[in-house]
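> quick one, structure for this:
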Amino acid sequence: MQNLAIGHNLNNAVIYRLLALILIESTKEAIQKAKSRSRKPIDICLCDTSVSF
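Take a look at the predicted model:
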């Protein structure tokens, strides 16, 4: 039963990492769209965004 629980936790970590990456990517896309739409420059940097599990 312990092995099953460990595997489940690993799967959750992978899922959360994927969700975080998707969230970061969609945020970047939204910022790019906002930048291309607006005339004023938008200074938002996601360079320091790192997700670690």
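> for the chain, which segments are assigned as helices?
2-37 (DSSP state H).
> quick one: low-confidence residue ranges for it.
Applying pLDDT under 70 to the chain picks out residues 1-8, 38-53.
> try 80 this time
1-10, 35-53 (pLDDT under 80).
> contacting residues for residue 14?
Contacts for residue 14 (CB atoms under 8 Å, 6 or more residues apart in numbering) come out as none. Placement of C-beta: from N, CA and C, glycine included.
> count of residues packed around residue 9?
10 (other CB atoms under 10 Å).
> state the distance from residue 12 to residue 28.
Residue 12 sits 25 Å away from residue 28, taking CB to CB, to the nearest Å as the criterion.
> could you do residue 37 as well?
Separation of residue 37 from residue 28 (CB to CB): 15 Å.
> who's more crowded, those two?
Taking neighbours as other CB under 10 Å, residue 37 and residue 28 compare with residue 28 leading, 13 against 8.
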